[in-house]
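# After the sequence you'll find the predicted model.
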2 protein chains.
Amino acid sequence: MPDYKAPLRDVRFLIDEVFDFAGGYQALGATDASPDMVSAILEEGAKFCEQVLAPLNRSGDEEGCHFDNGVVTTPKGFKEAYAQYVEGGWNGVSADPEYGGQGLPPSLGLLVSEMIGASNCSWGMYPGLTRGAMAAIHAHGTAEQKNAYLPRMTAGTWTGTMCLTEPHCGTDLGIIKTRAVPNADGSYAISGTKIFISAGEHDMSENIIHLVLAKLPDAPAGTKGISLFIVPKFTLDAAGEAGARNAVSCGSIEHKMGIKASATCVMNFDGATGYLIGEANKGLACMFTMMNHARLGTGMQGLCLGETSYQGAVKYARDRLQMRALTGPKAPDKPADPIIVHPDVRRMLLTMKAFNEGNRALAYFTAQLLDVEHLAESAEEREQAANLLAFLTPICKAFMTETGLEATNLGMQVFGGHGFIREWGMEQLVRDCRIAPIYEGTNGIQALDLLGRKVLGSQGKLLMGFTKLVHKLCQEHAEHPQLKAQVAQLAALNKQWGELTQKVGMAAMKNPDEVGAAAVDYLMFSGYITLGYFWLRMALVAQQKLEAGNGEADFYQAKLATADFYFARLLPRAAAHKAAVEAGGESLMRLSAEQFAL
Amino acid sequence: MPDYKAPLRDVRFLIDEVFDFAGGYQALGATDASPDMVSAILEEGAKFCEQVLAPLNRSGDEEGCHFDNGVVTTPKGFKEAYAQYVEGGWNGVSADPEYGGQGLPPSLGLLVSEMIGASNCSWGMYPGLTRGAMAAIHAHGTAEQKNAYLPRMTAGTWTGTMCLTEPHCGTDLGIIKTRAVPNADGSYAISGTKIFISAGEHDMSENIIHLVLAKLPDAPAGTKGISLFIVPKFTLDAAGEAGARNAVSCGSIEHKMGIKASATCVMNFDGATGYLIGEANKGLACMFTMMNHARLGTGMQGLCLGETSYQGAVKYARDRLQMRALTGPKAPDKPADPIIVHPDVRRMLLTMKAFNEGNRALAYFTAQLLDVEHLAESAEEREQAANLLAFLTPICKAFMTETGLEATNLGMQVFGGHGFIREWGMEQLVRDCRIAPIYEGTNGIQALDLLGRKVLGSQGKLLMGFTKLVHKLCQEHAEHPQLKAQVAQLAALNKQWGELTQKVGMAAMKNPDEVGAAAVDYLMFSGYITLGYFWLRMALVAQQKLEAGNGEADFYQAKLATADFYFARLLPRAAAHKAAVEAGGESLMRLSAEQFAL
């Protein structure tokens, strides 16, 4: 397994030099997030992830979770690591102090979750789901509900889940069958089967708080008839402690390609006691509070696994001796040169590096928007941030997972045959990453969300909220002595973005299938430009720092070379996605279902 | 697991309607390959693969191979299936009749191996390696060696391996450490450790004939000092039967991401008796006989697994009900529409279909070249075929495995969350396919072979051997009423192919690293155009048949729609690869090894 080291230098580059997190915290009045606090969280978080979580990553994959008659046991060491996490107060970093959280800005929570996801993706699922459930209860629960559940969930002694999917539906939640029948006491009897429930049952917490989508008896058909319920594994006794066992049980766990140490459960609700959260029939809106959280988290999975894979691949490429450089021996005293001398190995490493660092910038920018959305005093600022977040969320989820998966595949490829062997740990990263383009809304669904709901649904307004940032940056630096070529390349693509959107919008008015036909390529096109924007921002800072001569020339030169690589070798992929969008949907829709099988 | 059905309609389209295999056989005097014989082989082969091999695919993956103190046991049913294969004479379909083969043209052997690889990739490794070893012995062995080994290997009662890789070297065979010390009797004592030896040890055959690369005591350094040896597991007794156990043993088997039912062995040679095959120090050339065979076979793996994944995905997409079509309900009597109505699901299915059918055409064209190379009377024809084969082999290996891997990933994506669950069998196809871009020379090495050795090494001659075919086809059909747009698109790319090659060639003269920097993108660019050529050929035939009105309009329309899709939505990817090639290597080479790790 690659030894994960939290990439703190790159983290600091972004939070200090590119995005000025400290300035942001000050502006938002988040005075607790002092520079010392940020450093302490990063350093202690890194230590916990590197020393406690990372060593359990491969053993967790090999052992997997155990299921025995409804009881789920996590792999050796998981429970103890979780106890340390709870003990350290990590779950409450950015949670509401009213319920025991540290009240730090969401962006700091994201920095911690990056290190967790990179060191042990499966383990990170348990607290990750909890934080999503906390967000939904915090946003939609009554004061009583918040007081009942949030303190324990913030501490981490209780965990949470989101129960959406059923055997016959995942994407199409309008057709769920789980029923909620009102009880005399105001609670509901929940009955139905949910599948693919991450952390649905396990041995790490004292109670599990399920958030369950179900339909009331008189509910309208479709998504307008879905309600959200809190269904605790143990209902609370008079003292608010975990009391009697509720009628919810784990029927089995799935055998999966990856994230094997994350328990993916079939959950059976047999008249379990549940409590309505939010308004009746408005459950989907509540669920989206969790889903948006989860979508950013899933996007992070691409970054996290890409980063760990990169670290392993660079180390291997520097150690492994194979062939001589085409330009002559570079390590003449050794039987062969380290493979990092070979251009194609560098191409693979730089592709990983460019995606990872670009995705990290995108993620941190998004994290700052979360801060503003949660903490800004001005409603206008909050709305602006929320709009940008709404626009960037599907890009984060889909583009970061697609490119993260590419990165993990490249990391494995750098290892040659050894990459395919479990012992080295590189193939696990591919398997763990492979779910990310699927869950929390497949990337196809993200693409429809971006193009249909966000971009066309806002008549282009949400798109323009971002393209104007790109435009402004390009305009400011159009004459930049070192970077003007990249600025021009980005500006041209940014212009195309608007034109392409108009073209698709026109086609969609005539035929709605054109949206679906264009969506994934439109999202990838958008993702490449989005990362181009962040690479330009990073390059501008690096160039400035280099000229200022602050003594870390190697770091800034590496940043500039990686930016160059991105613009020269990855950003041109946008053109192929554009061409695919422009080709329209005709060639997709011509075949009958039967003809596909001929 | 998807139920594999041999795609015989598409096979017949290619062999009868596009490539005229029957005419080819006749021209080559391969009269045994009569239409009846071809049909019998296809139908019986399909039956064996669908009914015997396919049912063992998932169980083989779950069970894997067992290792116990040097003894390797294959999964339940593998041995019995292999006995049936031997019984049916399948191993000898295209083998030399002098040694018990049926003497049918190589292309027929390839048709059978496609069905084997698609129904059970792991199982297919055992006979696949044997046929590679047979080819090397046939080409380079003495009459005595051929008589000693080929009859049993042709029958399949003995199997073969190729032992190249060592712990410290895979790509760089010049630095192998395995030694061959001459014995008094003319044999050699072979000592060393080989890793990643597929079918190195197992329970399916009575003897295993290893072909082992080793160095003689006085061998020159590097690849010019490598010799090839035959090292049987059991040395032959006076009667030519498997006799005493040789000093070669399996030290362990690898735990891998996929092809788990294929035993990947560490093989220890402890002074094992070996016999030189071919000339001393010319072992690498002999090995290439096997490797070229294996490279085509590995390319086929991409096609095979892509096909099986496609079959599973189409079935699922027609069954699974989820959401309504954007243009209104298509199955109003059901709770939702089958997902095959959604444009993005169609995009995924069509991408798979276009790659599979295009790759199949490429493979069969190559198979015909194998026929000519082996059977043509005229040396000129043989040489021409050999040149085209040399050019196409790295494209087959790398492009077919990259796109095959993409296809299996898309097939899994069509299943949504269920794709990640082992039970459905779709994720196994991804794992089984993931080794294909790595082994038998990584795709990076294939790309160097194509651009450096084949294209630039022949001063463009080998490239022109193919581009002139493309040019001729485009010229002939420049005014085609339905297809002229596609013809023009292909012709323009074909022109760019030559220009791009010149550009890279010029850059490489100044700096050899430019070859490595361009190679993979050059190969992918080449692959997209190559498949464009075959899609145009298929479209031309389909259009003609459709106009002739032979009553299979659905099939030909589907073919034309898939061609359209390829030209509209996949072929444009070539431009992004071209841009990456044109960007050159500067941004790759700028970083120091240390800077990669900052």
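Great, that's in hand. Residues are numbered from 1 along each chain as shown, chains lettered A, B, ... in the order given.
# how about the one helix or strand A:Tyr126 maps to, does it reach chain B?
Under DSSP states H and E, the secondary-structure element containing A:Tyr126 is helix A:121-140. No: using Cβ under 8 Å from any Cβ of the partner chain, helix A:121-140 never reaches chain B; the gap is at least 13.1 Å. In this view, the C-beta of every residue, glycine as well, is placed from N, C-alpha and C.
# Show the average pLDDT along that helix.
When pLDDT is averaged along helix A:121-140, the result is 96.
# Please apply the same query to stretch A:586-596.
The average pLDDT for stretch A:586-596 rounds to 96.
# can you list the residues that contact it?
The list of residues contacting stretch A:586-596 from outside it, by Cβ atoms under 8 Å, 6 or more residues apart in numbering or on different chains, reads A:513, A:517, B:314, B:317-318, B:338, B:340-341, B:343, B:346-347, B:349-350, B:353, B:554-555, B:557-558, B:561-562, B:564-565, B:568-569.
# Restricted to buried residues, select the residues you listed in PyMOL.
In PyMOL syntax, the buried subset of these is picked out as below (16 or more other Cβ atoms under 10 Å in any protein chain shown):
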select buried, (chain A and resi 513+517) or (chain B and resi 314+317+318+338+340+341+343+346+347+349+350+353+555+557+558+561+562+564+565+568+569)
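# Just the contacts of stretch A:586-596: which are in helices?
Judged by DSSP state H, helices contain the following of the contacts of stretch A:586-596: A:513, A:517, B:314, B:317-318, B:343, B:346-347, B:349-350, B:353, B:554-555, B:557-558, B:561-562, B:564-565.
# so after the helix holding A:Tyr126, what's the next helix or strand?
Once the chain leaves helix A:121-140, the next helix or strand it forms, by DSSP H and E, is helix A:143-155.
# just the angle between the helix holding A:Tyr126 and helix A:143-155, please?
Helix A:121-140 and helix A:143-155 meet at an angle of 160 degrees, taking axes from the mean of the first three to the mean of the last three Cα atoms, to 10 degrees as the criterion.
# Now do helix A:121-140: distance to the chain's middle.
Centroid separation between helix A:121-140 and its chain, computed with Cα atoms, centre = their mean, to the nearest Å, is 13 Å.
# okay, that helix in CSV with CA atoms only?
Backbone C-alpha positions of helix A:121-140 (Å, rounded to 0.1, in the frame of the first residue of the first chain) are rendered in CSV as follows:
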residue,chain,number,x,y,z
CYS,A,121,-11.8,5.6,1.9
SER,A,122,-14.0,2.8,3.3
TRP,A,123,-13.5,3.9,6.9
GLY,A,124,-14.4,7.5,5.9
MET,A,125,-17.8,6.4,4.7
TYR,A,126,-19.0,5.9,8.3
PRO,A,127,-18.4,9.4,9.6
GLY,A,128,-19.2,10.8,6.1
LEU,A,129,-22.7,9.5,6.1
THR,A,130,-23.2,10.7,9.7
ARG,A,131,-22.3,14.2,8.8
GLY,A,132,-24.7,14.1,5.8
ALA,A,133,-27.5,13.0,8.2
MET,A,134,-26.6,15.7,10.7
ALA,A,135,-26.8,18.3,8.0
ALA,A,136,-30.4,17.2,7.1
ILE,A,137,-31.5,17.1,10.7
HIS,A,138,-29.9,20.4,11.4
ALA,A,139,-31.6,22.0,8.4
HIS,A,140,-35.0,20.4,8.6
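# List the buried residues of that helix.
A:121-140.
# What are the structural domain limits within chain A?
Annotated domains of chain A cover A:287-447, A:459-597 [automatic domain parsing].
# show me where the stretch 251-400 of chain A has strands.
Listed in chain order, the strands of the stretch 251-400 of chain A (DSSP state E, counting those that start in this stretch) span residues A:264-277.
# Pull up the residues of it that are close to chain B.
Residues of the stretch 251-400 of chain A lying near chain B by Cβ under 8 Å from any Cβ: A:254-258, A:314-315, A:317-318, A:321-323, A:325-327, A:335-336, A:338, A:340-350, A:353.
# can you tell me the residue of the stretch 1-150 of chain A closest to chain B?
Among the residues of the stretch 1-150 of chain A, A:Arg9 lies nearest to chain B; the distance is 6.5 Å by Cβ to the nearest Cβ.
# which residues does that residue contact?
By Cβ under 8 Å, 6+ apart, A:Arg9 lies in contact with A:Phe555, B:Leu598.
# got it, and A:Leu392?
Taking Cβ under 8 Å, 6+ apart as the criterion, A:Leu392 is in contact with A:Leu362, A:Phe365, A:Thr366, A:Leu369, A:Phe466, A:Thr530.
# what about the closest residue to the fifth one other than its chain neighbours, how many neighbours?
Nearest in space to A:Phe466, with sequence neighbours left out and distances taken as Cβ to Cβ, 6 or more residues apart in numbering or on different chains, is A:Phe391 at 5.7 Å. As a burial measure, the neighbour count of A:Phe391 was computed by other Cβ atoms under 10 Å in any protein chain shown and equals 23.
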